[in-house]
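[1] Requesting a structural model of the entry that follows:
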Amino acid sequence: MTALSTVTAEVAIINPRGMVERSTKGFLWNAIGIHNEALLQHSLNRGVASEPATMQSTKSSFSTLLLASVLALVILGPSIPPARAASYTPAIASGQWAEYKLLASTCLPSGSPECQAQGNGGMSNTDYGLLKITGVSVTNVTLDLSTAYTNGSNVAMQGWADVASGGSSLTSLAGGAPSNYFILSGGLQSGDAIWNTLGAPVLNQTTTESILGDMRDVNVLNYTHSFNSPYGQFSTSTSTQFTFDKQYGILIEFSLSTSMTSPYASSQFTTSYGMVANNIWRSDSLPDFTLSNSGSINVQAGSSGTTTLSLSDQYGFGSTINLQVTTQSGLTCTLDKTSVRGSGTATLSCTGQPGSYTVTITATSGPSTHTTQVPVQINPAATPNQPTNPSTLIYIGIGVAAAVAIAALASFLLLRRKKEASPTAPTETPPSATTI
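    This next block holds a predicted model:
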């Protein structure tokens, strides 16, 4: 699944101005995928390809032709010299973000192969997109772009854009759109070139509109582009419109309309997506999640201890959160599950050698990352009681008996010796009787 593929047919249109319903689904970071795939499907279904080719090679060929026409439009298109000296510096700051959703998408006739092909790509399965500013240095802005899908998956990419030169690591759009179409300099107005370079596109209009319930000055940039197949088999006409906030230069809304005709059939595709929340001039909350644990683990060596990890979604977040455990030497820890979608729990189990440890659990979903630490104490195992051996008792009994016998013998000999050592009393002889 990619974040930049196709669009479903006949999605209900939602008011492209003002607060957008939170139930709106879909997001598109790169509309060139839609345009190219529509052209490709049109050519393949109508037999334009002159020789057998894989879809990838044919798609690459049409992409090359389309990009060439885009460059020609930008270079040869009318460029009105600015009537004033515009300042080309970023007006946004690191940490600011904006959330976008699909506002409208139609493809007619809905049963055509082109529309069926677009319905298989995944735009109908998208939930929202996030643009987060991660750094600003002089005229260069670095940003994270992510797309959240209704099945819980999340695709993220990083990029940069220079608001003065127009240089960018982001892919350009079809129909003559600039490669840097997320961030412009702040303070520009109608008649100003969007970059400080020769031949840069010029803002068509500055107006005041209600954006997310607030009256904002906005700059409008329009493109109209036509493309004829070199084989003469089909032609396309593409109109794009960008709306930027004048003060901050950030994209508010993008709309694309493409018509394709051939000798066999014709089809028309339109899509638009726009901002539904931000923390730039509002105090909206970013879709996110929290991570916590139920407490420390204290267990004896040889046993396993556990703690519960809790994840909770916030402000419409519903993507899959991936979990990873980092332990220290001497300790082994495992999780009963390595991912949780939106809200849920996971169990951490640890065992190891005696000692004190700290386990770090990292939860990641797209550009959002949270960590929690769990203290783990492994105590030495208790010394087991020694079992009594019958033979030991015999030896003890013999020893006691021998000791008693020896003591008795010693007592007998001592008494005998005392008896032999006692003095003998003198014996008196009675006088003999004398006869007179």
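[2] Test my guess that C107 contacts S266.
    No - shown here, C107 and S266 do not form a contact pair, counting by CB atoms under 8 Å, at 12.0 Å. Any C-beta I mention is one placed from the backbone N, CA and C, and that applies to glycine too.
[3] neighbour-wise, which of the two wins?
    Taking other CB atoms under 10 Å, C107 and S266 do not tie; C107 has more neighbours (27 against 16).
[4] Grab the nearest non-local neighbour of that one.
    C115 (3.7 Å; CB to CB, 6 or more residues apart in numbering).
[5] quick one: contacts for that neighbour?
    By CB atoms under 8 Å, 6 or more residues apart in numbering, the residues touching C115 are A9, C107, L108, P109, S267, F269.
[6] One more: T142?
    By CB under 8 Å, 6+ apart, the residues touching T142 are I133, T134, G135, V136, Q158, G159, W160.
[7] filter these to the buried ones?
    For the contacts of T142, a neighbour count by 16 or more other CB atoms under 10 Å gives the buried set as I133, T134, V136, G159, W160.
[8] which ones are touching the third one?
    By CB under 8 Å, 6+ apart, V136 lies in contact with P90, I92, A93, S94, T142.
[9] cool, the last one as well?
    For W160, the residues meeting the contact criterion (CB under 8 Å, 6+ apart) are N140, V141, T142, L143, S168, S169.
[10] so what's it scoring on pLDDT?
    For W160, the model assigns a pLDDT of 92.
[11] likewise the third one?
    What the model reports as pLDDT for V136 is 97.
[12] Partner strands of the helix or strand harbouring it, with direction?
    In the assignment (DSSP states H and E), V136 maps to strand 126-137. According to DSSP bridges, strand 126-137 has the following sheet partners: strand 97-108 (antiparallel), strand 140-149 (antiparallel).
[13] could you dump those strands to JSON lines with mean pLDDT and distance to L335?
    Shown next, in JSON lines, are these (pLDDT from 0 to 100; distance: least, CB to CB, whole Å):
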{"stretch": "strand 97-108", "mean pLDDT": "88", "distance to L335": "30"}
{"stretch": "strand 140-149", "mean pLDDT": "90", "distance to L335": "23"}
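[14] Dump these into JSON lines; add distance to D245 as well.
    Formatted as JSON lines, the strands paired with strand 126-137 follow (distance: least, CB to CB, whole Å):
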{"stretch": "strand 97-108", "distance to D245": "9"}
{"stretch": "strand 140-149", "distance to D245": "14"}
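[15] so what's T207 closest to, chain neighbours aside?
    Nearest in space to T207, with sequence neighbours left out and distances taken as CB to CB, 6+ apart, is V218 at 6.0 Å.
[16] tell me the secondary structure for S110?
    Counting by DSSP: H, G, I helix; E, B strand; the rest coil, the backbone at S110 sits in coil.
[17] Run a quick neighbour tally on it.
    S110, neighbours per other CB under 10 Å, totals 13.
[18] how much space is there between it and S267?
    10 Å (CB to CB, to the nearest Å).
[19] For the stretch 301-436 of the chain, which segments count as strands?
    In the stretch 301-436 of the chain, the segments counted as strands under DSSP state E, counting those that start in this stretch are 305-314, 320-326, 331-335, 339-341, 344-352, 355-365, 368-379.
[20] Need the max-distance pair from the contacts of C115.
    P109 and F269 (11.1 Å; CB to CB).
[21] Show me where this structure has its helices.
    Under the criterion DSSP state H, the chain carries helices at the ranges 32-45, 55-76, 113-118, 390-420.
[22] P230 is nearest to which of the strands paired with strand 126-137?
    strand 97-108 (25.1 Å).
[23] where does the protein have low pLDDT?
    1-84, 113-114, 116-124, 171-180, 232, 384-436 (pLDDT under 70).
[24] at 50 what do you get?
    The chain contains residues with pLDDT under 50 at 1-83, 120-122, 173-177, 433-436.
[25] Which segments of it make up each domain?
    Following automatic domain parsing, one gets these domains for the chain: 32-278, 288-379.
[26] most tightly surrounded among those?
    domain 32-278 (a mean of 18; mean count of other CB atoms under 10 Å).
[27] Would you tell me which strand is longest in this structure?
    For the chain, the strand with the greatest residue count under DSSP state E is strand 214-228.
[28] who are the neighbours of that one, in terms of helices and strands?
    helix 55-76, strand 205-211, strand 235-245 (3 or more CB pairs under 8 Å, 6 or more residues apart in numbering; DSSP states H and E).
[29] Return the residues in contact with T206.
    T206 sits in contact with Q189, S190, D217, V218, N219, V220, K246, where contact means CB under 8 Å, 6+ apart.
[30] rerun that using 6 Å as the cut-off
    Counting by CB atoms under 6 Å, 6 or more residues apart in numbering, T206 touches Q189, S190, N219.
[31] go on, S255?
    Q241, S272.
[32] Enumerate the beta-bridge partners assigned to it.
    Residues in beta-bridge contact with S255 (DSSP bridges): Q241, S272.
[33] so how far is F234 from S146?
    35 Å.
[34] what's the answer for L291, then?
    Taking CB to CB, one finds L291 at 52 Å from F234.
[35] what do you get for C107?
    On the measure of CB to CB, C107 and F234 end up 16 Å apart.
[36] V340: which of the strands paired with strand 126-137 is closest?
    Here strand 140-149 is closest among the strands paired with strand 126-137 (CB to CB), at 14.9 Å.
[37] relative to strand 368-379, how tilted is that closest one?
    80 degrees (axes from the mean of the first three to the mean of the last three CA atoms, to 10 degrees).
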